[in-house]
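Q: When you get a sec, could you give me coordinates for this:
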Amino acid sequence: PGKGGEGGVKPIEVTFGLPTLTEKDGAVAKEVLAEGRIMTLEYEGFYVVATYVPNSGDKLQRLDFRTKVWDVKLLEYLKLLQAKKPVVWTGDLNVAHLDGDIWNCGAKHLAKSAGTTAEERQSFTDMLQGGNMVDAFRKLHGEDAKNWYTYWSVRAGNMPWNRGLRLDYFVCSQGLFESGAKVSVSDCCVLSGEMEAKEDDFVGIDHCAIALTLSL
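A: Next up is the predicted model:
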């Protein structure tokens with residue numbers, strides 16, 4: 001367990017699913033459980049929880065589920081893991097948290113658009129505070145984290161002008177930033193050019209890659 005291989009440090013165990021969420025949590029929960037949205041990798045000194053957080057929908061039909069069920073159940077799970085080891089939570093979290101994570105902050109339609117509603121943004125804040133976790137990119141880069149996005153609308157052709165949202169994150173236990181920690185965060189970056197997304201960036205169809213460096 002934990003020995004290095006061609007791909008780096010191997011996990012001790014890999015599990016799938018969100019054990020705190022069950023079909024008893026409603027019809028949407030049953031749908032989400034069948035969508036395979038979460039994977040947990042256990043390493044010797046930490047956990048990595050990779051998620052594709054459910055989108056609230058073009059008509060916000062999943063908004064209540066997202067903020068009142070999924071976020072609550074996921075936080076419960078993250079806290080259970082943190083009782084054992086520090087946690088790195090990552091993936092497409094489907095929320096643009098602060099104003100600097102939104103290229104057109106202030107636009108009227110944002111209040112009714114999935115990922116930029118006040119409910120989703122506040123719920124994310126509550127998760128960070130309730131879980132004693134931090135957005136690693138913002139923690140390390142502060143004000144310079146503005147204008148770095150990870151998603152651009154293909155339909156609107158927004159990538160060349162960097163009109164995007166930051167929806168992809170590494171959210172880490174506060175202890176991973178403490179001096180003397182056995183495992184600590186040393187860097188976090190967005191693999192696209194600030195202010196101008198370029199063809200040679202690490203970009204898929206509409207999202208780019210993000211990276212986290214840990215010191216073990």
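Q: where does the protein have low pLDDT?
A: The model of the chain has pLDDT under 70 over residues 1-7, 193-204.
Q: hey, where'd the helices end up in it?
A: 27-33, 63-65, 71-82, 118-131, 136-141 (DSSP state H).
Q: Of the ones you listed, which is nearest K10?
A: Comparison of the helices of the chain against K10 by Cβ to Cβ identifies helix 71-82 as nearest, at 18.7 Å. Backbone N, C-alpha and C define where each C-beta goes, glycine included.
Q: ok, and for the closest one, which residues are buried?
A: D71, V72, K73, L74, L75, Y77, L78, L81, Q82 (16 or more other Cβ atoms under 10 Å).
Q: on that earlier part again, got CSV for the helices of the chain, with distance to T51 too?
A: What follows is those, written out as CSV (distance: least, Cβ to Cβ, whole Å):
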stretch, distance to T51
helix 27-33, 11
helix 63-65, 15
helix 71-82, 7
helix 118-131, 12
helix 136-141, 15
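Q: Nearest to N158 among the buried residues of helix 71-82?
A: Distance to N158, by Cβ to Cβ, is smallest for D71 among the buried residues of helix 71-82, at 26.9 Å.
Q: what residues are up against the closest one?
A: D71 makes contacts with S123, F124, D126, M127, as judged by Cβ atoms under 8 Å, 6 or more residues apart in numbering.
Q: can you tell me how far the closest residue to the last one other than its chain neighbours sits from T150?
A: In other words, M127. Excluding the flanking residues, the one nearest M127 by Cβ to Cβ, 6 or more residues apart in numbering is L75, at 5.0 Å. With distances taken as Cβ to Cβ, to the nearest Å, L75 is found 22 Å from T150.
Q: surely K30 meets E23?
A: Yes: using Cβ atoms under 8 Å, K30 is in contact with E23, at 4.7 Å.
Q: how much space between the closest residue in space to L80 that isn't next to it in sequence and A156?
A: Leaving aside its sequence neighbours, L80 sits nearest to T20 (Cβ to Cβ, 6+ apart; 7.5 Å). Distance of T20 to A156, computed by Cβ to Cβ: 36 Å.
Q: The two: which is more packed in?
A: T20 (15 against 9; other Cβ atoms under 10 Å).
Q: picking that back up, now do the contacts for the residue nearest to L80.
A: By Cβ under 8 Å, 6+ apart, the contact set of T20 is K73, L74, E76, Y77, L80.
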